[in-house]
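Participant: model this:
(4 chains)
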4 protein chains.
Amino acid sequence: MNEYLYELEFKVRDYECDIQGIVNNAVYQNYLEHTRHEFLKDVLKFDFAELHQQGIDPVVYRVEIDYKYPLKSGDIFISKLNMAQEGNLKMIFNQDIYRKTDDKLMLRAKIIAVVLKNGRPIKPDMFTNKLLNI
Amino acid sequence: MNEYLYELEFKVRDYECDIQGIVNNAVYQNYLEHTRHEFLKDVLKFDFAELHQQGIDPVVYRVEIDYKYPLKSGDIFISKLNMAQEGNLKMIFNQDIYRKTDDKLMLRAKIIAVVLKNGRPIKPDMFTNKLLNI
Amino acid sequence: MNEYLYELEFKVRDYECDIQGIVNNAVYQNYLEHTRHEFLKDVLKFDFAELHQQGIDPVVYRVEIDYKYPLKSGDIFISKLNMAQEGNLKMIFNQDIYRKTDDKLMLRAKIIAVVLKNGRPIKPDMFTNKLLNI
Amino acid sequence: MNEYLYELEFKVRDYECDIQGIVNNAVYQNYLEHTRHEFLKDVLKFDFAELHQQGIDPVVYRVEIDYKYPLKSGDIFISKLNMAQEGNLKMIFNQDIYRKTDDKLMLRAKIIAVVLKNGRPIKPDMFTNKLLNI
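Facilitator: Numbering: from 1, shown residues only, chains lettered A, B, ... in the order given. So this is what the prediction gives:
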């Protein structure tokens, strides 16, 4: 059984759907990004603008997405997130999207991010240490 | 007969089309913006980043768009632009989109922009004077 | 004083913002479209797919947008809508966007739509008659 | 040394860039999709609408993207593609994006697609057989 650190509800908007009437593949990355940013800002209390002024930027390094079933116009879904450190430098976001009506898993993603300081990777402790206090 | 200061060719991409198989209304504003920016950067030789550092930002103030016929997946079209000053403060971009195969007018837009310096409107002479030298 | 038929709350997502850190001009059309579609589907109970099978499609004919103040990353805003008939064939959507924290009017739009049946405009009675029963 | 079946040139548009001034991660999936569709339509001569009427739809099953260096506003880049079959059911698109000025590899992606007929996976022979004739 999966437990998650964070959950966010969305509703599919018509302009996010393509000719086939389903959500375009790229749009899911928008959903996943918004979920991560809300988590980092609202739960972990990160201020990206302030970090950026210190020369610190978290960036996405690799994305793996399994498309299981397509969301359709008007679908309500829950975007769920877990976060962990992997090795010295990587932050892992495990992100799953469930359709609300039947709790069906529609998409599973693993997002690997690193933290750059003036362009060079540093340990993501400032992010991962905060996880201990949730 | 219309003459234009600038023309740019595009091809409709599938992800820009909606459930009805036609280009989504909002996407035309992307086409129009890209045309203006290419014109301002490539023809008028403006450097937005440099202007921004001087506290100067051109901003869109009002948009009027007439949707005449819809573009479809794979359509090639020419985005054409004219520019003029109106009154003391306004820059007008008259922008038309023609389907390439039959030169049919698909969309007509009037974009009104102003130039802000530290948040206050200034005369757009730095933009409009350059028009004399094209 | 303005009263509205419909209101919908949004939160600006980071991917909707451009280099200047404000919502891109085209994205507001996404907000406005989503608001209209939710109104037409949830309040007026229209089924676009069913209409489409009868050869009936409402389409946007003209858009006028006044950009007053820019929304920024994280802003919460209320998208408000009124609807009326104009002449025989036009439906008018007057749509305003207010920032939630201070109720400031950020954007004002007038969207003119017509109803096509097999490609020819028909009276929008099926839409506007429903307004009497709200 | 890599050889590719197909190459397509793009230029980054300002509205594709985010607050950091670089192309948003999701937008690369738009570039990759457009490249695949152009390849399938222009080179392999597939007609998606016709296939769809026969109940046949190719769909993306899994995406793996390595983000190496970010594209910036105005960058010109070449999106390159290879395609192969894997096992009985999978089509693999290996897609790389190179910046044009210095031929630097900016992004590497592996897109796994399957072909559905009335919702069930079938052998993608109709796609992969055509590769023999390029």
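Participant: only C-alpha atoms for contact and neighbour calcs from this point on.
Facilitator: Noted.
Participant: chain neighbours aside, what residue packs nearest to residue A:99?
Facilitator: Of all residues not flanking residue A:99 in the chain, residue A:77 sits nearest, at 4.3 Å (Cα to Cα, 6 or more residues apart in numbering or on different chains).
Participant: what helix or strand is the one you found on?
Facilitator: Per DSSP states H and E: residue A:77 is located in strand A:76-86.
Participant: cool, and residue A:63?
Facilitator: Residue A:63 belongs to strand A:56-67, assigned by DSSP H and E.
Participant: do the same with residue A:91
Facilitator: strand A:90-99.
Participant: ok, the helix or strand just after that strand near chain D or not?
Facilitator: Downstream of strand A:90-99, the next assigned helix or strand under DSSP H and E is strand A:105-117. No. For strand A:105-117, no contact with chain D is found by Cα under 8 Å from any Cα of the partner chain; the gap never falls below 9.3 Å.
Participant: can you list the residues of chain A near chain B?
Facilitator: A:14-21, A:24.
Participant: run the last query once more with 6 Å
Facilitator: Contact residues, chain A versus chain B (Cα under 6 Å from any Cα of the partner chain): A:18-19, A:21.
Participant: from residue D:80, how far off is the residue nearest to residue A:99?
Facilitator: Using Cα to Cα, to the nearest Å, one obtains 34 Å as the distance from residue A:77 to residue D:80.
Participant: returning to that earlier point: could you confirm whether the strand holding residue A:63 reaches chain C?
Facilitator: No. Contact of strand A:56-67 with chain C is not found when judged by Cα under 6 Å from any Cα; the minimum separation is 13.9 Å.
Participant: tell me what that strand is packed against?
Facilitator: Packing partners of strand A:56-67 (3 or more Cα pairs under 6 Å, 6 or more residues apart in numbering or on different chains; DSSP states H and E): strand A:105-117, strand D:56-67.
Participant: how far does it sit from the chain's center?
Facilitator: 8 Å (Cα atoms, centre = their mean, to the nearest Å).
Participant: buried ones in that strand?
Facilitator: In terms of neighbour count (16 or more other Cα atoms under 10 Å in any protein chain shown), strand A:56-67 has its buried residues at A:56-67.
Participant: closest to residue B:115 among these?
Facilitator: residue A:57 (31.2 Å; Cα to Cα).
Participant: that's a helix at residue A:50, yeah?
Facilitator: Yes. Assessed by DSSP: H, G, I helix; E, B strand; the rest coil, residue A:50 belongs to a helix.
Participant: contact partners for the residue nearest to residue A:99?
Facilitator: By Cα atoms under 6 Å, 6 or more residues apart in numbering or on different chains, the residues touching residue A:77 are A:9-10, A:98-100.
Participant: circling back: can I get the helices and strands packed on strand A:56-67 in JSON lines including mean pLDDT and distance to residue A:128?
Facilitator: Shown next, in JSON lines, are the helices and strands packed on strand A:56-67 (pLDDT from 0 to 100; distance: least, Cα to Cα, whole Å):
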{"stretch": "strand A:105-117", "mean pLDDT": "97", "distance to residue A:128": "11"}
{"stretch": "strand D:56-67", "mean pLDDT": "96", "distance to residue A:128": "22"}
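Participant: pairing partners for the strand holding residue A:77, with directions?
Facilitator: strand A:6-11 (antiparallel), strand A:90-99 (antiparallel) (DSSP bridges).
Participant: tilt between that strand and strand A:105-117?
Facilitator: Relative orientation of strand A:76-86 versus strand A:105-117 (axes from the mean of the first three to the mean of the last three Cα atoms, to 10 degrees): 40 degrees.
Participant: list the buried ones in strand A:76-86?
Facilitator: A:76-83, A:85.
Participant: and which of the residues you listed is nearest residue B:90?
Facilitator: Once Cα to Cα is applied, the member of the buried residues of strand A:76-86 that ends up nearest residue B:90 is residue A:76, at 43.4 Å.
Participant: please name the bridge partners of that closest one.
Facilitator: The partner residues for residue A:76, given DSSP bridges, come to residue A:11.
Participant: what separation do you get for it and residue B:54?
Facilitator: According to Cα to Cα, residue A:76 stands 45 Å off from residue B:54.
Participant: where does chain A dip in pLDDT?
Facilitator: A:1-2 (pLDDT under 70).
Participant: can you do 80?
Facilitator: A:1-2, A:20, A:49, A:132-134 (pLDDT under 80).
Participant: list the contacts for the residue of chain A positioned farthest from its centre?
Facilitator: What lies farthest from the middle of chain A is residue A:19; by Cα atoms, centre = their mean that is 25.9 Å. Contacts for residue A:19 were tallied using Cα under 6 Å, 6+ apart; they are B:18-19, B:21.
Participant: I'd like the helices and strands packed on strand A:56-67 written out as a markdown table, with distance to residue D:94 added.
Facilitator: Formatted as a markdown table, the helices and strands packed on strand A:56-67 follow (distance: least, Cα to Cα, whole Å):
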| stretch | distance to residue D:94 |
| --- | --- |
| strand A:105-117 | 19 |
| strand D:56-67 | 10 |
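Participant: for burial, what's the neighbour tally of residue A:53?
Facilitator: Counted with other Cα atoms under 10 Å in any protein chain shown, the neighbours of residue A:53 add up to 9.
Participant: roughly how far does it sit from residue D:20?
Facilitator: For residue A:53, the distance to residue D:20 - Cα to Cα - is 12 Å.
Participant: residues near residue A:23, how many?
Facilitator: When neighbours are counted by other Cα under 10 Å, residue A:23 registers 23.
Participant: I'd guessed it sits against residue A:13; true?
Facilitator: No. Assessed by Cα atoms under 6 Å, residue A:23 is found out of contact with residue A:13, at 8.7 Å.
Participant: okay, and the common contacts of the two?
Facilitator: With Cα under 6 Å, 6+ apart, residue A:23 and residue A:13 have no common neighbours.
Participant: thinking again about what came up before, of the buried residues of strand A:76-86, closest to residue A:29?
Facilitator: For the buried residues of strand A:76-86, the nearest to residue A:29 is residue A:79 (11.3 Å; Cα to Cα).
Participant: so what's that closest one closest to, chain neighbours aside?
Facilitator: Going by Cα to Cα, 6+ apart, residue A:79 has residue A:97 as its nearest residue, at 4.5 Å.
Participant: what's the spacing between residue A:30 and chain B?
Facilitator: Distance, residue A:30 to chain B, by Cα to the nearest Cα, to the nearest Å: 14 Å.
Participant: give me the element that residue is part of.
Facilitator: Assigned by DSSP H and E, residue A:30 falls in helix A:25-38.
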